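Visitor: fold the following.
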Amino acid sequence: MIRALTILLSTLIALPLWADERHVIAGQGTLAAAIAAANPGDVLVLQPGSHAGPVVIDRPLTLTGSHNAIIDGQGNGTVVSIVASDVTISNLTVTGSGLNSQDTDAGIKILKKADRAVVENNRVLGNLHGIDVHGGHDAQVRNNTIEGTQQQRMNDRGNGIYIWNSPGTLIEGNSVRWGRDGIFSNTSRKGVYRNNLFRDLRFAVHYMYTNDSEVSGNVSIGNHLGYAIMFSNKVVIKDNLSLSDRSHGVMLNFANNADVSGNLVRGGADRCTFIYNAHKNLIYGNRFEGCNIGIHFTAGSERNVFTGNAFLGNRTQVKYVGTRDIEWSFEGRGNYWSDHASFDLGGDGIADSPFRPNDLMDHILWSQPAAVLLTGAPVVQLIRWGQSNFPATLPGGVVDSAPLMTAPTVEIPQKYLAMEAKVANRWKEREPDEFDVNDLSSH
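Guide: Numbering: from 1, shown residues only. Below is the predicted model:
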C-alpha cells in the first residue's frame, strides 16, 4: 500500500500542474512563438487558417484544432518535427514539405527519443513523405488521410508512412494514396500495421529488416504490388486484401518464420504470391484467384507448410521447377484447386485422388520459353496423356496428397468492391515501368 501511494505521489509531482489550453491564431510565426512560450503538457488549439511552418516541437504538447487549421511548410524541409516525448498532433492539416529525398523531408517527423507520439485524425497532404517515424519508440499513427505527391516518376515520390528503427509503432486505420510506398518499414521491430487502405502506389506495404511484427486487415487496391515482406523474420501477415494489384499480391523474399493466413489476392496480378528463398513459413487459409500465376515458388525455399489455401482460376496454379516432390498438405489437409476434377466418396471434404498442378511440359515451357509454339502440337498432348496414365513419368514438383473439395471464402466490404471495380482494367494496357519489381536488388 505504501509503495502504491509513493508511485501515485511521484506521478502527480511529475505532472505539469500549470498545463493550459492556448488558442493560436493563424499567421506567420504565430505557431512557432506559441510553442516556444508553452509549458509542458499545454494544449495548443490552432484556429482556422494557414499557420506557417516549419516548426519543431521540443516539449510535451498537444496540437489540435480542425482540418481548416493548416500547418504549411512552404516547401522548406519537414513541416512538423517532433523531438520531445509525449507529443500529440490531431485533427489538423499538414502540407508543404520540401522535396529533398536525402533529408527525408516529411509532413510530420517523429525523431529519436520522441517516444509515445500520437498522430491521429489529420490530413497530411502533398508532402514528400507523409509521416516519418524516425527513431521514436511506441508511436501511434491512427486514422489519418495521407496523400503524397504525384510526380511522373514514381521513384521520385516519398512514402506515405516511413518507419525506421522505431520499435512498438502502431499504424492503424489510415488511408494512404499516391506517393511511392504506403508503408515502408526498415530496420525496425515489434510494430503493428493494421486496417489501413492503400491505393495508387508502388507497394502497399514494403518490409525490409523488420522483425516480430504484424501486417493485418489492410486493403491494397490498384497498386503495383501489395505486400512485399523482405529480409524479415517472424512476421504475421493475415486477413489482408490485394485487389487488382499489378505484379504480386504477396511477396516473401528472404522472409522466414512468417505466418501468412486469411489473405485474399485476386484480380489479374502477374503472380498472386511469389516466394523466393523463404523458409519455415506457415501459409494457410489464403485465397489466390484470377492471377497469371497463382504462386511462384523458387530459389530453394525449404520447410514451408501449405494447407487450407484456395487456388481458383489462375492461368497457371503453381510455378515450381525442381527435381523432387514437394508435399503441399499438412496433417491430412491440403488445398483447394479449381482445376482438380475429383470425387469425395468418403464425404470428409478431402478429394479421393492427389493433385499435381504441373507436369513435364510445364517444366519444359518454363525453362525453354520458345517451346510455347509447340503447345498445340500432337506430341505435347501425347506427353500429357502419357503422364496422366503413367504417373512414374511425372517430374518432381508440387504434390497435394489431400486436396480440399471446397474453397475458403473471404468477404469483401461493399465499399472496397466499388473501389476495385474502378481500377479493374487498369493494367490491361501495360505501359513500361521505370522499375522492375522482380529485380529484388532494386528494393
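Visitor: now do stretch 56-63, average pLDDT.
Guide: Taken as a whole, stretch 56-63 has a mean pLDDT of 98.
Visitor: residues of that stretch that come out buried?
Guide: Residues of stretch 56-63 classed as buried by neighbour count (16 or more other Cβ atoms under 10 Å): 56-57, 59-63. Heads up, the C-betas are built off the backbone N, CA and C, glycines and all.
Visitor: first-to-last residue distance for that stretch?
Guide: Stretch 56-63 stretches 12 Å from its first residue to its last (Cα to Cα, to the nearest Å).
Visitor: how far away is residue 72 from residue 328?
Guide: 55 Å (Cβ to Cβ, to the nearest Å).
Visitor: which one's more surrounded, these two?
Guide: Between residue 72 and residue 328, residue 328 has the larger neighbour count (other Cβ atoms under 10 Å), namely 28 against 20.
Visitor: I'd assumed residue 400 was in contact with the more buried one.
Guide: Yes: Residue 328 is within contact range of residue 400, at 4.7 Å (criterion: Cβ atoms under 8 Å).
Visitor: shared neighbours of these two, anything?
Guide: Residues within reach of residue 328 and of residue 400 at once, by Cβ atoms under 8 Å, 6 or more residues apart in numbering, are 334-335.
Visitor: now the two most distant members of the buried residues of stretch 56-63.
Guide: 56 and 62 (15.7 Å; Cβ to Cβ).
Visitor: just for the stretch 201-350 of the chain, where's the confidence low?
Guide: Applying pLDDT under 70 to the stretch 201-350 of the chain flags the ranges 299-300, 321-323.
Visitor: try it again with 80
Guide: 268, 299-301, 321-325 (pLDDT under 80).
Visitor: what comes up buried for stretch 338-346?
Guide: residue 340.
Visitor: what's the first-to-last distance across it?
Guide: End to end - Cα to Cα - stretch 338-346 spans 20 Å.
Visitor: and the contacts of it?
Guide: 310-313, 317, 350-353, 355, 357, 403, 405, 407.
Visitor: quick one: these as TSV, columns for secondary structure, neighbour count and distance to residue 191 too.
Guide: Shown next, in TSV, are the contacts of stretch 338-346 (DSSP: H, G, I helix; E, B strand; the rest coil; neighbours: other Cβ atoms under 10 Å; distance: Cβ to Cβ, whole Å):
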residue	secondary structure	neighbour count	distance to residue 191
310	strand	21	29
311	strand	28	31
312	strand	18	32
313	coil	13	34
317	strand	23	33
350	strand	17	38
351	coil	23	40
352	coil	12	45
353	coil	10	44
355	strand	24	38
357	coil	24	35
403	coil	24	37
405	coil	15	39
407	coil	17	32
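Visitor: which of those residues sit farthest apart?
Guide: 313 and 352 (22.7 Å).
Visitor: and the pLDDT at residue 421?
Guide: On the pLDDT scale, residue 421 gets 91.
Visitor: looks to me like it is in a helix.
Guide: Yes: under DSSP: H, G, I helix; E, B strand; the rest coil, residue 421 sits within a helix.
Visitor: quick one: it from residue 414, how far?
Guide: 11 Å.
Visitor: the two - which one has more neighbours?
Guide: Of the pair residue 421 and residue 414, residue 421 is the one with more neighbours under other Cβ under 10 Å, namely 11 against 7.
Visitor: can you give me the strands for the stretch 251-400 of the chain?
Guide: Here the stretch 251-400 of the chain has its strands, by DSSP state E, counting those that start in this stretch, at 259-261, 264-266, 271-276, 282-284, 287-289, 293-298, 305-307, 310-312, 316-319, 326-327, 336-337, 398-399.
Visitor: and of those strands, who's closest to residue 28?
Guide: Nearest of those (Cβ to Cβ): strand 264-266, 49.6 Å.
Visitor: packing partners of that closest one?
Guide: Using 3 or more Cβ pairs under 8 Å, 6 or more residues apart in numbering; DSSP states H and E, the elements in contact with strand 264-266 are strand 241-243, strand 248-253, strand 271-276, strand 287-289.
Visitor: would you list those in JSON lines and tack on mean neighbour count and distance to residue 188?
Guide: Output for the helices and strands packed on strand 264-266, formatted as JSON lines (neighbours: other Cβ atoms under 10 Å; distance: least, Cβ to Cβ, whole Å):
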{"stretch": "strand 241-243", "mean neighbour count": "27", "distance to residue 188": "23"}
{"stretch": "strand 248-253", "mean neighbour count": "28", "distance to residue 188": "17"}
{"stretch": "strand 271-276", "mean neighbour count": "26", "distance to residue 188": "22"}
{"stretch": "strand 287-289", "mean neighbour count": "24", "distance to residue 188": "28"}
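Visitor: I'd like the ones you listed as a markdown table, with distance to residue 82 appended.
Guide: Listed next are the helices and strands packed on strand 264-266 as a markdown table, based on distance: least, Cβ to Cβ, whole Å:
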| stretch | distance to residue 82 |
| --- | --- |
| strand 241-243 | 32 |
| strand 248-253 | 32 |
| strand 271-276 | 37 |
| strand 287-289 | 40 |
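Visitor: the ones you listed: which one's closest to residue 186?
Guide: Short answer: strand 248-253, nearest of the helices and strands packed on strand 264-266 by Cβ to Cβ, at 14.3 Å.
Visitor: got the angle for that closest one vs strand 293-298?
Guide: 10 degrees (axes from the mean of the first three to the mean of the last three Cα atoms, to 10 degrees).
Visitor: circling back to that earlier point, keep only those of the buried residues of stretch 56-63 that are in strands.
Guide: Using DSSP state E, the members of the buried residues of stretch 56-63 that fall within strands are 56-57, 62-63.
Visitor: the most centrally placed residue in the chain in helix, strand or coil?
Guide: Nearest residue to the geometric centre of the chain (Cα atoms, centre = their mean): residue 205, 2.4 Å. Classification of residue 205 using three-state DSSP returns strand.
Visitor: these two touch, right, it and residue 182?
Guide: Yes: here residue 205 reaches residue 182: they are 6.1 Å apart, a contact under Cβ under 8 Å.
Visitor: overlap of the contact sets of the two?
Guide: Between them, residue 205 and residue 182 share the contacting residues 198, 220, judged by Cβ under 8 Å, 6+ apart.
Visitor: what is the end-to-end distance of stretch 80-96?
Guide: 10 Å.
Visitor: number of residues surrounding residue 116?
Guide: So residue 116, with other Cβ under 10 Å, has 16 neighbours.
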